[in-house]
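>>> Sequence and predicted structure below; questions after.
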Amino acid sequence: MDLSKMKNDRKLYLCRWYYRAGFAFLPFLWCVNSIWFFTEAFRKPPYDEQKEIKKYVILSGIGTIIWTAVLITWITIFQLHRAEWGEIADQISFIIPTGIP
Amino acid sequence: MAIIDQHLLHSHRSGNVGVIHCIETETDLDWLLDNATAEPYMAVIQPHMFTREVMLALKASGKVNGVVLINNRSAERPQYFSHEDTCPNRYSGLSNVEQTCNISKPWNPHGTGLMLIDWGFPIFHIEHEDTISKLYECYQKYNAHNKDEQLDRSLCALEMNSFMSAAVDSETCIRRSSTPTILNRIRYCDPLGGSNIWSTLYPRFKAEETNRTVVVVAARLDGTSMFDGLVPGAMSPVSGIVTLLMTAKILASIAQNASDVDVHHDNNVLFLLLNGEAYDYIGSSRVVWDMKNGMFPMKPSSSATQEPPPLYLHNIALFVELGQISTLGEKRANETTLYFHQHYPTSNNILNRYRMEKFVENMNRYGELVGLKFSVINDKSFPPASLQSFLAASSDISGMVLADHESQYLNTYYHSIMDDGQALNYSYQNGSKPSTDSIQKLVANLARTLAQTLYFYVDSTGLRDELDVPEPDTYAELVDELFHCYLDSMDCPVFRAATNKTNLQNKPASLYVGVNGWNSPITTLTGLTLALLVNQTVNRTEKNCHSDEYIWMSNSLDGSNSSGVCIKTTMNFSKAMSPAFYDIPDYDWSSGKYSTWTESIWREFTVRMFLKPSRSHETLTFSLGVVVLSLSFLIVYFANSRSDILFGSTLFKLEKNSKQPVYTSVKYWVRLLEEAGGGSYVRDGVAVSAGLHSDKAVQLGDTVFLPSHSQPQVYSTVSVECVKVQCQQQKRNILCPSLGSSDGLGAPKYSES
């Protein structure tokens, strides 16, 4: 989809739905939303829908940052302690590596 | 006990690399530990340096990435070479009840225990002479001189690959192997195990009373060593296996001559070959577990009345285990002494004591005729033996272990790659008579004595001194053949006859137990040989010879051109697999009650030797690579940005020579004249638009890229005569006016840009 060929109300519709769908534990949608519509929200000359798009872009951005922080924290803890957690760690693993504890 | 079978080799995923360093003397070792700079190293060690001290020093130094054991067969052997514990199976068997190994005088005094250490680097074994000499050559040429300046030059290095999937311990890897994860299911390790072999002298009957007793004659079926596929196990277990096979044969022939095979007997003889005993008594502990649960020799089926009743531990009247048998012991006045080891609390039971005394007395009586003497050792310490599993379950079993040693093994190569025919003083006689002090003769005599004593025990209707047994010479020849099968080559007459095949693998047997679900070849071969030797031929065709009781075999021992016979046998296999893994729910892995040895899944082992460049060389190569990479990016960038200028000569500017409309076209059809080889011809070529956006209208006179027909990169000989433009949108060709004439090869209507 080429945003440059899209009408403004259509842009707003898209941006809004990316934002809403992100609540279904889909942080990558927020991430995409905040990057994709960044130019529309902050760089383009003002138009009617821009204010609302800006709002969704900012909220998606915040969501992305929170998710990133949470995921990095968890992954670090898990990787550091997987071996010592033993059975519990194995149960919550998708792939158990070979050759290392 | 829950240690992963990690003793040999665990390399990094992509292999371990190290600079070769040969350790032949203490000086070499000290140099490596103190002065070596070009770490990591691969230590190349001769057997006499492969000791606990050296290996631990290497491990502690952290400079070593792997060890290669050079085993030149022609070289002199070290006097001792055993990597098993000084107390084999220290934590299993009776050890749950009491300590049976005297620490100050252990059974395997020369055991280094190297096998039980987690090294963290691979240990490889090389015996191929060509490889050994290449390795030394490379070491001498590149590494051995000016050793303190090794960092400044290229060095000979080895890479070892032996990646193992499993990690931590058996409990973890078994759990991981059996936990289904969503994405994939990897097996990390397999429990060690295989099959036990059992057979009875007399067939057991369906309506047999449950209080019938059996005399168990047992031997272990497996050995081990530090290296995969190299378990010759001559003294342990082969000497015991061969003695058991011969005893079974002689006993069966006595019984057949007395023609009492099909008569009901109160006493029976159960031959047991137990597998996995080297790894904390896998086979025997399984048999004990099966017996306790009424599942030996097999799980009762729903139609249980059709089967003989299961055997329980209380059915065992006497347990005789055949341990290591050899001629290494002291020999006085043509009399070889062998030792019956008794577990001392057992002998407190008066009935048991009487039984065993009687048995040894008879052994001595029959043995005297062939120069054998049997002493009883009734001591607090008790050798590592399958019997321990039985005694641990029921101290009321009267049992003895027959072996060549007193309180310490005579075998100085116990559980090592050197426990082979040479260690046993065995040499193949190939049909001629083995000498009187040979191992063949000893085993034949022992088997005969044991068979006579056993027969007397099970059929004590009277003292039978006149038992019709052929001279042990024929037996000694058969013993010779049997040892030949195990120690020299599995492609031997007896195994060929037993399998009814004309050729088998021509290499010595390896007696490692293997993993559950896979029967090692030697297990199958031994089972079939037992059936063959007991040899009760029945008149059946090959077609009808397929059920539990019958096996089709070759009828001549050399296996050649025989039509085969049907043999009725009681030989069968039972599971030799620790109940800890799948049979006991929620087994407590730390209890040490059952063997929990597992073998990791591994990819094939590889070793390669190469010249490792010096550090400065490596740095130079790497920096050059970086420079070339950056340069190439720069060049591509500049070429791209100045492509107009650089490739100008190959671009054509088409003349606006007609009043054709503007087309949204992607293809230009160009009639060319190629001047090649003196002649000239015309062909249609395809010009690809270049430097234009595809969605932009193209006009004649624009710049297009025109490749030549024969040499796509050469354009100078091409001249454009005429242009036609294929209009994609209108789906039709528009020809330029001058195309019609066949000889219209006018001046090129283009100009170079």
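In hand now; what should we look at?
>>> Using PDB, write out the CA atom coordinates for the host helix or strand of residue B:158.
Here residue B:158, judged by DSSP states H and E, is contained in strand B:155-161. Extracted in PDB, the C-alpha atoms of strand B:155-161 (Å, rounded to 0.1, in the frame of the first residue of the first chain):
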ATOM      1  CA  LEU B 155      51.500 -24.500  13.100                       C
ATOM      2  CA  CYS B 156      50.100 -27.900  12.500                       C
ATOM      3  CA  ALA B 157      46.700 -28.200  14.000                       C
ATOM      4  CA  LEU B 158      43.800 -30.600  14.500                       C
ATOM      5  CA  GLU B 159      40.100 -30.100  14.400                       C
ATOM      6  CA  MET B 160      37.900 -32.600  16.200                       C
ATOM      7  CA  ASN B 161      34.200 -32.800  15.800                       C
END
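>>> per-residue confidence averaged over the next helix or strand after it?
The element immediately downstream of strand B:155-161 (helix or strand, assigned by DSSP H and E) is helix B:170-178. Across helix B:170-178, pLDDT averages out at 84.
>>> which one in chain A is furthest away from the centre?
Note on chain A: the largest separation between a C-alpha and the mean C-alpha position, by CA atoms, centre = their mean, falls on residue A:99 (33.7 Å).
>>> Next, work out how far apart that residue and residue B:18 are.
Applying CB to CB, to the nearest Å, one obtains 19 Å for the distance of residue A:99 from residue B:18. (C-beta placed from N, C-alpha, C; glycine too.)
>>> from what I can see residue B:65 touches residue B:17, true?
Yes: with contact defined as CB atoms under 8 Å, residue B:65 reaches residue B:17; the gap is 6.5 Å.
>>> Show me whatever sits in contact with both of the two.
residue B:40 (CB atoms under 8 Å, 6 or more residues apart in numbering or on different chains).
>>> and the two? which has more neighbours close in?
Looking at residue B:65 and residue B:17 with other CB atoms under 10 Å in any protein chain shown, you find the greater number of neighbours at residue B:65, namely 24 against 19.
>>> For chain B, what's the nearest residue on chain A?
In chain A, no residue comes nearer to chain B than residue A:98, which is 4.0 Å away by CB to the nearest CB.
>>> Using just helix, strand and coil, how would you label the closest residue to residue B:35 other than its chain neighbours?
Excluding the flanking residues, the one nearest residue B:35 by CB to CB, 6 or more residues apart in numbering or on different chains is residue B:148, at 6.3 Å. Going by DSSP: H, G, I helix; E, B strand; the rest coil, the secondary structure assigned to residue B:148 is helix.
>>> I'd like to know how many residues surround residue B:148.
10.
>>> isn't it right next to residue B:37, touching?
Yes: under the criterion of CB under 8 Å, residue B:148 lies in contact with residue B:37, with a separation of 7.4 Å.
>>> Is the closest residue to residue B:113 other than its chain neighbours part of a helix or strand, or is it coil?
Of all residues beyond its chain neighbours, the one nearest residue B:113 is residue B:85 (4.9 Å), with distances taken as CB to CB, 6+ apart. Classification of residue B:85 by three-state DSSP places it in coil.
>>> Looks like residue B:85 contacts residue B:116 (just checking).
Yes: with the criterion set as CB under 8 Å, residue B:85 and residue B:116 qualify as a contacting pair; they are 6.0 Å apart.
>>> quick one, which of these two is more surrounded?
When neighbours are counted by other CB under 10 Å, residue B:85 and residue B:116 differ, and residue B:85 comes out ahead with 22 against 14.
>>> OK, contacts around residue 48?
No chain was given, so I picked chain A. Residue A:48 makes contacts with residue A:8, as judged by CB under 8 Å, 6+ apart.
>>> wait, chain B
Taking CB under 8 Å, 6+ apart as the contact definition, residue B:48 lies against residue B:78.
>>> So it: helix, strand or coil?
For residue B:48, the reduced secondary structure class is helix; criterion used: three-state DSSP.
>>> Now do the buried residues in the longest helix belonging to chain A.
Across chain A, the longest stretch assigned as helix under DSSP state H is helix A:50-85. Of the residues in helix A:50-85, those scored as buried under the neighbour-count criterion (16 or more other CB atoms under 10 Å in any protein chain shown) are A:50, A:53-54, A:56-57, A:60-61, A:63-64, A:67, A:82.
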